[in-house]
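J.: Quick one: sequence plus predicted model below, questions after.
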Amino acid sequence: MIKAIELDAFTMATLDPDAGLDDLEPLRQLLGDAQVVGIGESAHNVREYQQVRHRMTRFLVERMGFSAVALESGFSEGLTVGRWVRGEETGDVAEIAERGLTYGFGHTAETRRWLSWLRDQHRRGGDVRFAGLDLPAQLGSLLSAVDGVAGYLTAVDPEAGQIIDQIRTYAGKWASPHTMPAFRAYAAAPATDRDALTVLLAELAARVDVLRPQYARHGSAAGHAGPDRHGGGADGYATARHELRLAVLLDQMLRAQLHAVRGSGIHTAVNVRDAAMAETARHLLRDGRKLVISAANTHLQRIPILLGGTAEVPVMGSHLAAELADAYVGIALTCTGGRTPTRRAAPGTETGVEVLTVDLTAPVPGSVEAFLPAPGAPQVTDLRPLRGADGPQRYRNLDGYLDLPVADAFDLVTVLPELT
C-alpha cells in the first residue's frame, strides 16, 4: 500500500533568494551525480516559483558545481543575455531581459534579479553560462536565427549570402512577433514558397557542414571565426551551426503542424519544439558542463504526453531521460492553492489567446497535490519510491490538470502552499 512507502522530503526555510542555503543541503543526496537538473513550474511568471528557481539554482551553482543555466526562451535571442551575464555586453538588466528573452519572460522582477545574480557570479570570478533553449522568436519567425548565421558567414563564407537572402525573402512573408498570426500566414503562403524555404534551409545546412574545415582556415586567417555574437574558433562555429539547426527545425515544426491541422494523423505526435530544446541541451553539454534547465513542468517530465490516450508525444525531458538515465533529474513545481496565470482562446485578437489570473480550486482526488500533506512551507519530496506503485495520477497544469503517473514523470516535486 502507498502509506507503507516512506518518502524522503524536506522543507525549504525561506523563499528569499539571498538567504543562506543550508536548508537546501538535502538536495545534494537527492540529486546524486545528476548532470542535468530541470526545475519546472505549473505556470509561467509566478513569483513564488521564480524564487524557488533562484534559490535552487544558487545551490546547484555555488555548492554542486553546475556551470550552465538555460531557460525556456529563444536560443538566438538569449545570446545577448549570455554575453551580458559574462560581462561582454553593457546595458541595464531590464533592457537586456526585454531584448534577450522571448515569451515575455524578461518582464518580471524575479527573473531580472536571477539574471543579475548570474552576472554577479562572473564578476566574482565564476564561470556560469546562460542560454536560451528554445526555437527563435516565440515560434513566429526564423529571422533572428538566420540573422545570427548570416553574421557568422559574413566572415568565413560571404558567397553563402545569396542563399541567406533567398531564405529571408520567403521567411519574411510570414514572420510575426506572435505565434498564431505567423502560423496563419505560413498556412496561407503558396505551397511552392513553403517548399522553396525548406529546400534552401537544407541547402544552407549542408553547405555549413561540408565547408567547416574551410571556415576554420578562414577564421584563423582573419583572427576570428565570426562577430562577437558567436566568438571565434570551434565555439563560434558550433553556435552558428546550432542557430541554423533551430531555423531548420522551426520550419519543420510549421510543416508538421500544417499537415496535422489538415488531418494528417502521422504528424500529430511530431513535437519538434521539445526535440529542439533537447538538442540545445546537448549543445550546452558539449564541453562537460553541468546544466540547470528552467522550463514548464510539461517540458521536463521524463515520459511522453499522451494525446487522446494513445498517441505518445515525446517532450524534452523524455529525450534527456532516454539519453542520460539517472543523470537527468526533473523537479516539478506545483502548489495546493492561491492564484495562477492561465490562458484562454481569444478569437479575433492579434495573438489569438489571452492571459488572465484565476483562483485555484482545492486539489482534486488522485492528484500529487492532494496526495502529499498540505505544506505550511515549500516542501521537496522524492517521488521515485512510488514508481510502479498506485501513486498520484495527475498534476496541476495552469488551472487544470494533466493526467499521467506523476512518479514516472518526475523524480522530485516541490509543493508550495500558495501562489500569489
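T.: Here it is on my side, so go on.
J.: give me the element the residue nearest the centre of the chain is part of.
T.: Centroid-nearest residue in the chain, with CA atoms, centre = their mean: Glu72, separated by 2.4 Å. Element membership for Glu72, per DSSP states H and E: strand 68-74.
J.: so what strands line up beside that strand?
T.: Using DSSP bridges, the strands paired with strand 68-74 are strand 129-134 (parallel), strand 291-294 (parallel).
J.: Take these and lay them out in CSV including mean pLDDT.
T.: Converted to CSV, the strands paired with strand 68-74 look like this (pLDDT from 0 to 100):
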stretch, mean pLDDT
strand 129-134, 98
strand 291-294, 98
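J.: Give me the phi and psi angles of the residue lying closest to Gly106 once chain neighbours are set aside.
T.: Closest residue to Gly106 apart from its sequence neighbours, by CB to CB, 6 or more residues apart in numbering: Ala97 at 3.1 Å. The C-beta positions use only the backbone N, C-alpha and C, and glycine is treated the same way. Phi and psi for Ala97, reported as degrees, to the nearest 10, are phi -70, psi -40.
J.: re the thing from before, for the residue lying closest to the residue nearest to the centre of the chain once chain neighbours are set aside, report the pLDDT, please.
T.: Closest residue to Glu72 apart from its sequence neighbours, by CB to CB, 6+ apart: Ala295 at 3.8 Å. On the pLDDT scale, Ala295 is placed at 98.
J.: packing partners for the longest helix along the chain?
T.: Longest helix of the chain, by residue count under DSSP state H: helix 233-261. Packing partners of helix 233-261 (3 or more CB pairs under 8 Å, 6 or more residues apart in numbering; DSSP states H and E): helix 75-85, helix 143-156, helix 179-188, helix 191-210, helix 212-222, helix 272-285.
J.: coming back round to it: didn't the residue nearest to Gly106 look like it was pressed against Leu115?
T.: Yes: taking CB atoms under 8 Å as the definition, Ala97 is a contact partner of Leu115 at 6.1 Å.
J.: Identify the contacts common to those two.
T.: Residues touching both Ala97 and Leu115 (CB atoms under 8 Å, 6 or more residues apart in numbering) are Val81.
J.: for Pro26, what are its contacts?
T.: Applying CB under 8 Å, 6+ apart, the residues near Pro26 are Asp8, Phe10, Val380.
J.: let's see 6 Å
T.: Pro26 makes contact with Phe10 under the criterion CB atoms under 6 Å, 6 or more residues apart in numbering.
J.: Kindly provide the distance from it to Ala19.
T.: 16 Å (CB to CB, to the nearest Å).
J.: what do you get for Tyr49?
T.: For Tyr49, the distance to Ala19 - CB to CB - is 17 Å.
J.: again, but for Asp399
T.: For Asp399, the distance to Ala19 - CB to CB - is 30 Å.
J.: Likewise for Asp411?
T.: Distance of Asp411 to Ala19, given as CB to CB: 25 Å.
J.: more neighbours, those two?
T.: Between Asp411 and Ala19, Asp411 has the larger neighbour count (other CB atoms under 10 Å), namely 26 against 14.
J.: tell me the contacts of the nearest residue to the more buried one once chain neighbours are set aside?
T.: Using CB to CB, 6+ apart and skipping the chain neighbours, the partner closest in space to Asp411 is Val329 (4.7 Å). If you count contacts by CB under 6 Å, 6+ apart, Val329 has them with Leu31, Ala34, Val37, Asp411.
J.: and if we set it to 7 Å?
T.: Residues in contact with Val329 (CB atoms under 7 Å, 6 or more residues apart in numbering) are Leu31, Ala34, Val37, Asp411, Leu412.
J.: Assumed the third one was part of a strand.
T.: Spelled out, it's Val37. Yes: applying DSSP: H, G, I helix; E, B strand; the rest coil, one finds Val37 inside a strand.
J.: Quick check: pLDDT value at it.
T.: On pLDDT, Val37 comes in at 98.
J.: who's in contact with Leu307?
T.: Thr268, Ala269, Val313.
J.: ChimeraX command to pick out the buried ones of the residues you listed?
T.: Of the contacts of Leu307, the buried ones go into a single ChimeraX selection, burial set by 16 or more other CB atoms under 10 Å:
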select :268,269
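J.: quick one: which of the contacts of Leu307 sit in helices?
T.: Among those, DSSP H puts none in helices.
J.: Need the nearest residue in space to Glu312, chain neighbours excluded.
T.: Nearest non-adjacent residue to Glu312, counting by CB to CB, 6+ apart: Pro304, 4.0 Å away.
J.: tally of neighbours for that neighbour?
T.: Neighbours around Pro304, by other CB under 10 Å: 19.
J.: next SSE after the helix or strand the residue nearest to Asp411 falls within?
T.: If you go by DSSP H and E, Val329 is part of strand 328-335. Sequence order places strand 339-345 as the next helix or strand after strand 328-335, per DSSP H and E.
J.: Could the C-alpha coordinates of whichever helix or strand comes after that following strand be exported in PDB?
T.: Heading C-terminal from strand 339-345, the first helix or strand you meet, by DSSP H and E, is strand 353-359. Taking Å, rounded to 0.1, in the frame of the first residue of the first chain, the C-alpha atoms of strand 353-359 are listed here in PDB:
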ATOM      1  CA  VAL A 353      -5.100  34.000 -26.800                       C
ATOM      2  CA  GLU A 354      -5.500  36.000 -23.600                       C
ATOM      3  CA  VAL A 355      -3.600  35.500 -20.300                       C
ATOM      4  CA  LEU A 356      -5.600  36.000 -17.100                       C
ATOM      5  CA  THR A 357      -5.200  35.300 -13.400                       C
ATOM      6  CA  VAL A 358      -7.700  32.900 -11.700                       C
ATOM      7  CA  ASP A 359      -8.300  31.400  -8.300                       C
END
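J.: Quick one: residues in contact with the helix or strand that comes right after strand 353-359.
T.: Downstream of strand 353-359, the first helix or strand assigned by DSSP H and E is helix 368-371. Applying CB under 7 Å, 6+ apart, the external contacts of helix 368-371 come out as Thr334, Thr336, Pro363, Val364, Pro392, Tyr395, Arg396, Val406, Val413, Val415.
J.: That'll do, ta.
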